[in-house]
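> fold the following.
(2 chains)
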Amino acid sequence: MIRLHDTMTRQKVELRPRRPGEVSMYVCGPTVYDEPHLGHARTALTYDLLRRFLEWEGLRVVMVSNITDIDDKIIARAAEEGRSEADLAEEQAAFYIEQMDRLNILPPTERPRATEYVQPMIDVISDLLDRGAAYGVEGRGVYFDVARLPGYGRLAGRNLAQLLEDAGSRVSVDEAKHSPLDFALWKAARPGEPRWDTPWGEGRPGWHTECVAMSMSLLGEDFDIHGGGDDLRFPHHQNEWAQVEATGRKFARLWVHSAMLNVSGEKMSKSLGNFTTLAEALDIYDPRAMRLLVAQTHYRATMEMGPEALTSATEAVKRLDAVVRRARAEGADLDTTERDESAVETFRAAMEEDLGTPGGVEVIFSLVRAANTAFDRGDIGTGGVKVATMVELAGVLGLELGEQPPGAEAYGDDAEIQALVDARTAARQAGNYAEADRIRDDLAARGVAMEDTRGGTVWHRI
RNA sequence: GGCGCCGUGGCCGAGUGGUUAGGCAGUGGCCUGCAAAGCCAUGUACACCGGUUCGAAUCCGGUCGGCGCCUCCA
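The predicted structure is shown next:
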């Protein structure tokens, strides 16, 4: 039984897909007006972890993750840079996807762009207007009328009255709106801005409507999971919910939110300007280290992703790679279908309980120790099963092991290095340790490390 | 102000009412020609004060401290 924490009901609930065997999931993606930062990685990795786990459990996952390519910030940035919104958005979207690939994040089943779903958005808004749940304001746009939705605020853990009480002080009161809580479904075009024609005038879609149109168009009513970063809980997701609720349709069955990232104790965000770009970090650290670090922390807990944490995760990944190399050197059969079933079940149990990736990681490391212990005593068969199991479970977390860190380079090709390694072995066997050590130092200087195992000497680039 | 989260050993970070989380780093030992990799051992951790309990880091109350949301944001 897979359980997940549902933000709407604030409790862990069993995942019961609307269609047995298939999980439909919508995850809010980025607004592409700037480069992605570490926070985007945490969110994207979280849902990739969930998706991979569900698939490993034998479920078919239909995952939709959008790219918001029209928005106030994109318009502003494009104007600053003196180019078109489409040009900027396309460039940033491509860059975002490139970083996701580096993180080994599986491409979503569908990756819709907001501008491709303007008609569905218009349909949503028309429907809301017809039902009297929205109203137009001349020259401004169309607003959603939240006042009559009793459940509004639930995702934020609040009610309408509480929200209204704060609204006056926190949100600048807009006389044009019926209520300060009302939000824009459609924004009337201003000079020079991208625009689409509609029955109520030219303009562009409001953010909250975009995700409704895309999710409902691609997944249909009553889809299983709606996810995103915790900062989207309110108002974004609440406003999405409001629109669907007002039309009497069924929306997401379950709401999942992944926690934020802190940088030295403070939330990292674009508005605070304290963010590290993802590309920058991935140039320095093994992307697998970032993935492991994310998996070591529960997705609903705020985490710190500083240099220290990334460095320690990098070392941890090396340990995983090392045992795979050792297994090969020892001549273990890693293609075996035999598994440490007990470990697999412990892993599954941890993961089934609200995506308990930290517990899963624990299982992986306990297998590493068990494998090394087995190899130490010469039990290659047992060691091989442990490693094969470990590799599979790490794979569920999206960690491909036994690989050399990206960017690792050494002077010379494999054959040349192997020749030197062989020469060192010969020198050692001849008792010429000075020569052996000289070769070792030489290779080390070229970025090649060696490990002597009973199966022989193996080397790898660092 | 309202709502909510958190405070775990050098760092990161899990967790169940009573048995070692795990990772990184450190120290000692084993292994090694020496290393590397690895294994073993090692840290009397749970903000503070009360309470419930046979027993609480884990439940309740309070105190202090930190953070988030309430406004664009993954």
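> got the buried residues for stretch A:222-235?
Of all the residues in stretch A:222-235, those buried under the rule 16 or more other Cβ atoms under 10 Å are A:223-235. The way it works is simple: take the backbone N, C-alpha and C, and place the C-beta from them, glycine included.
> pick the one among the residues you listed closest to residue A:318.
Using Cβ to Cβ, residue A:229 is the member of those that lies nearest residue A:318, at 30.0 Å.
> got the phi/psi numbers for the closest one?
For residue A:229, the backbone dihedrals are phi -70, psi 150 (criterion: degrees, to the nearest 10).
> give me the nearest residue to it, chain neighbours excluded.
residue A:43 (4.6 Å; Cβ to Cβ, 6 or more residues apart in numbering).
> may I have the helix or strand where the one you found lies exported as PDB, CA atoms only?
Residue A:43 belongs to helix A:38-56 when elements are defined using DSSP states H and E. Output of helix A:38-56 as PDB, limited to C-alpha atoms (Å, rounded to 0.1, in the frame of the first residue of the first chain):
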ATOM      1  CA  LEU A  38      18.900  24.700  -6.800                       C
ATOM      2  CA  GLY A  39      15.300  24.900  -5.700                       C
ATOM      3  CA  HIS A  40      14.100  23.800  -9.000                       C
ATOM      4  CA  ALA A  41      16.400  20.800  -8.800                       C
ATOM      5  CA  ARG A  42      15.000  19.800  -5.400                       C
ATOM      6  CA  THR A  43      11.400  19.900  -6.600                       C
ATOM      7  CA  ALA A  44      12.100  18.200  -9.900                       C
ATOM      8  CA  LEU A  45      14.100  15.500  -8.200                       C
ATOM      9  CA  THR A  46      11.400  14.900  -5.700                       C
ATOM     10  CA  TYR A  47       8.800  14.200  -8.300                       C
ATOM     11  CA  ASP A  48      11.300  12.200 -10.400                       C
ATOM     12  CA  LEU A  49      11.900  10.000  -7.300                       C
ATOM     13  CA  LEU A  50       8.200   9.500  -6.900                       C
ATOM     14  CA  ARG A  51       7.600   8.700 -10.500                       C
ATOM     15  CA  ARG A  52      10.500   6.200 -10.700                       C
ATOM     16  CA  PHE A  53       9.300   4.500  -7.500                       C
ATOM     17  CA  LEU A  54       5.800   4.200  -8.800                       C
ATOM     18  CA  GLU A  55       7.000   2.700 -12.000                       C
ATOM     19  CA  TRP A  56       9.200   0.300 -10.100                       C
END
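> buried residues in it?
A:38-54, A:56.
> now do stretch A:452-462
So for stretch A:452-462, counting by 16+ other Cβ under 10 Å, buried means A:453, A:457, A:458, A:459, A:460, A:461.
> residue A:383 and residue A:330 touch, don't they?
Yes - Residue A:383 is within contact range of residue A:330, at 6.5 Å (criterion: Cβ atoms under 8 Å).
> common neighbours of those two, please.
Contact criterion Cβ atoms under 8 Å, 6 or more residues apart in numbering; residues shared by residue A:383 and residue A:330: residue A:375.
> among the buried residues of stretch A:452-462, which are within reach of RNA strand B?
Filtering the buried residues of stretch A:452-462 for neighbours of RNA strand B using Cβ under 7 Å from any atom of the strand leaves residue A:453.
> RNA strand B: which of the buried residues of stretch A:452-462 is nearest?
RNA strand B has its nearest neighbour among the buried residues of stretch A:452-462 in residue A:453, at 6.7 Å by Cβ to the nearest atom of the strand.
> need phi/psi at the closest one.
Residue A:453 adopts backbone torsions of phi -120, psi 170, taken as degrees, to the nearest 10.
> and it, what's its pLDDT?
For residue A:453, the pLDDT comes out at 88.
> again, but for the one 5 residues further on
pLDDT, residue A:458: 91.
> who does the host helix or strand of residue A:416 touch, helix- and strand-wise?
In the assignment (DSSP H and E), residue A:416 maps to helix A:414-429. When contacts are defined as 3 or more Cβ pairs under 8 Å, 6 or more residues apart in numbering; DSSP states H and E, helix A:414-429 packs onto helix A:433-445, strand A:448-453, strand A:456-461.
> any chance of the ones you listed in a markdown table with distance to residue A:139 as columns?
Shown next, in a markdown table, are the helices and strands packed on helix A:414-429 (distance: least, Cβ to Cβ, whole Å):
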| stretch | distance to residue A:139 |
| --- | --- |
| helix A:433-445 | 70 |
| strand A:448-453 | 68 |
| strand A:456-461 | 63 |
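> thought residue A:49 was touching residue A:294, still the case?
Yes - the criterion here is Cβ under 8 Å, and residue A:294 meets it with residue A:49 at 7.4 Å.
> and the buried residues of stretch A:222-235 as CSV, adding pLDDT?
Converted to CSV, these look like this (pLDDT from 0 to 100):
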residue, pLDDT
A:223, 96
A:224, 96
A:225, 96
A:226, 96
A:227, 95
A:228, 94
A:229, 93
A:230, 92
A:231, 90
A:232, 92
A:233, 91
A:234, 89
A:235, 90
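> with respect to residue A:10, which of these is nearest?
Distance to residue A:10, by Cβ to Cβ, is smallest for residue A:233 among the buried residues of stretch A:222-235, at 11.4 Å.
> and of the helices and strands packed on helix A:414-429, who's closest to residue A:188?
Of all those, strand A:456-461 comes closest under Cβ to Cβ, at 58.2 Å.
> circling back to that earlier point, which pair in the buried residues of stretch A:452-462 spans the largest distance?
A:453 and A:461 (17.5 Å).
> and the closest residue to RNA strand B within the stretch 201-350 of chain A, bridged to which residues?
Per Cβ to the nearest atom of the strand, residue A:229 is where the stretch 201-350 of chain A lies closest to RNA strand B, at 2.1 Å. Note on residue A:229: beta-bridge partners residue A:258, judged by DSSP bridges.
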